[in-house]
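>>> How does the following fold in three dimensions:
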Amino acid sequence: MASLKYWIWLTTRSGVGHEAAFRLLEHFGTPESAYFADPGEYELTGLPGQARQALEDKSLDGAERILADCERLGVRVLTFQDAEYPERLRQIPYPPCVLYVKGQLFSFDEELAVAVVGSRRPTPYGVRMAGRLGLDLARRGVLLVSGIAQGIDCTALKGALAGGGRVVSVLGGGVDVHYPPQNRDLYDDVAAVGALISEYPPGTEPEGWHFPVRNRIISGLSLGVAAVEAGEGSGTLITTRLALEQNREVFAFPGPADAPMSRGTNKLIQRGEAKLILSAEDVLSEFALLYPHRLREAEPLSAEDEAERLEAVLEGKTGEKTGEKPPRVEKNRGQSPEKEVDKGQKRAYITLKEGDGAWTDDERDILLALGGRTLHPDELVEATGIPARRVLSALTMLQLRGYVEERPGKRFEALVLLRTD
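Prediction:
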């Protein structure tokens, strides 16, 4: 327990995001070593000044308060170096150094875990597909992973619960913070039969920038990701791109060619990045030989029984009825420096000196190449000379941290402009 406070101290430093925390762990070996390091040693990490200054604050009061909250709430703190930390997650780029878990601690490496993601404002078609997919996967023994937002996430979770299954929700805030508030009962249900997981300590309010960062954990814990509905440029597509980079299987339901909420999923299928699925069996066929011991036979449901189980799940749960909207990202909250990022025509200007240490060499070169232009990854490969896989990886991290945004046609635009002066 004594060492936990150093993990929490490290991961709650202002200006030290998930990337920087992991880089510090790689540099110093343990959080204790980072805590007891001399200020001069922080200079060697390449972190910006704000982060180095935060590391010089040695107060453990905040960490001890968080540990007390965890004990009071029955929350388990799992660190990157714990034996129970999922190996699947350990292998992704910049895995979370700390996880807060309320509920069961699953052996993810042995589970047939499948993520279901999609729009917060789905169509009735998307709601039906998500509810039925969650129900059918759960009845076959799948551990369903998702967020807990209005729309596809909560519908898939409720479908899995209706099928008597186990579920995991990865959150963009503390495990004790109900967002959206109307999902309070669903939080309790998930914690009762599964787990709520977050890399943010209890009491942390969800912010817009938390959610795309959170998505790497959803895909990282899973063998595959199924996208039900997604518009172009949506958070769902961030999750599927991360899944591809993590060598996970990606699945997608097709939709009408002219339906806005199916454009993202249809293009995933068109580009060969996702397998077209029509049912849960299309997902399970990819894993049946690898995890036969995790799959169970399920008696077919009659139409009446299925309708009865799904009625409560589907009734009135579209985002159109609730009016729920995703939180808007107003500021870049990744690595320092923290600059206002305007999603309209204006862009923040950052000099290379100001941004020193905020990006990898690849990320910096890509931002410089983008400038005020909108470019395809192939054009960035040609402009920078960086291999395609590294360009895609850098674009994903820049998008997660709010520096880059994807436009239609798989083209990317920088939300900050780098100046060399």
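>>> what residue is smack in the middle of the protein?
Centre of the chain computed as the mean C-alpha position; nearest residue by Cα atoms, centre = their mean is Asn215, 1.0 Å away.
>>> And it, how far from Lys275?
When distance is defined by Cβ to Cβ, to the nearest Å, Asn215 is 20 Å away from Lys275. Every C-beta, even on glycine, is put in place using the N, C-alpha and C of the backbone.
>>> Quick check: chain neighbours aside, which residue is closest to the residue nearest to the centre of the chain?
What sits nearest to Asn215 in space, not counting adjacent residues and going by Cβ to Cβ, 6 or more residues apart in numbering, is Thr239, at 4.2 Å.
>>> Name the residues that touch the helix or strand hosting that neighbour?
Assigned by DSSP states H and E, Thr239 belongs to helix 235-245. In this structure, residues lying in contact with helix 235-245 by Cβ atoms under 8 Å, 6 or more residues apart in numbering are 93, 115, 117-119, 152, 211-212, 215-216, 218-220, 222, 224-225, 227, 229-230, 249-250, 252, 264-265, 268, 273-274, 326, 392-393, 396, 399-400, 406.
>>> Just the buried ones among these, please.
In the contacts of helix 235-245, burial by neighbour count holds for 115, 117-119, 152, 211-212, 215-216, 218-220, 222, 224-225, 227, 229-230, 249-250, 252, 264-265, 268, 274, 326, 392-393, 396, 399-400, 406, counting by 16 or more other Cβ atoms under 10 Å.
>>> Contacts for the helix or strand containing Arg23, please.
Using DSSP H and E, Arg23 sits in helix 18-28. Contact partners of helix 18-28, identified using Cβ under 8 Å, 6+ apart, comprise 10-11, 13, 16, 31, 34, 37, 41, 44-47, 51, 55, 80, 94-97, 199, 213, 334-335, 397.
>>> try it again with 7 Å
Applying Cβ atoms under 7 Å, 6 or more residues apart in numbering, the contact partners of helix 18-28 are 10-11, 31, 34, 37, 45, 47, 51, 80, 94-97, 199, 213, 335.
>>> Tell me where the model's unsure across the stretch 251-400 of the chain.
Residues of the stretch 251-400 of the chain that meet the criterion pLDDT under 70 lie in 312, 314-349, 351-358, 400.
>>> Dihedrals phi and psi, Lys102?
Dihedral angles of Lys102 (phi, psi; degrees, to the nearest 10) stand at phi -120, psi 120.
>>> Let me see the ranges of the strands in this protein.
For the chain, applying DSSP state E gives strands covering 76-79, 98-103, 113-117, 143-146, 166-170, 195-198, 224-227, 249-252, 275-276, 348-351, 374-375, 404-407, 411-414, 416-419.
>>> Now do the contacts for the residue nearest to the centre of the chain.
235, 238-239, 242.
>>> repeat that for 8 Å
117, 235, 238-239, 242, 400.
>>> and if you look at Arg90?
Phe80.
>>> For Ile148, which non-adjacent residue is spatially closest?
Ile148 sits nearest to Ser169 (Cβ to Cβ, 6+ apart), 4.3 Å away.
>>> so what's the one you found bridging to?
Note on Ser169: beta-bridge partners Ser146, Leu196, judged by DSSP bridges.
>>> got the contact list for it?
Residues counted as contacts of Ser169 (Cβ under 8 Å, 6+ apart) are 145-148, 153, 157, 187, 190, 194-197.
>>> Appreciated, that's everything.
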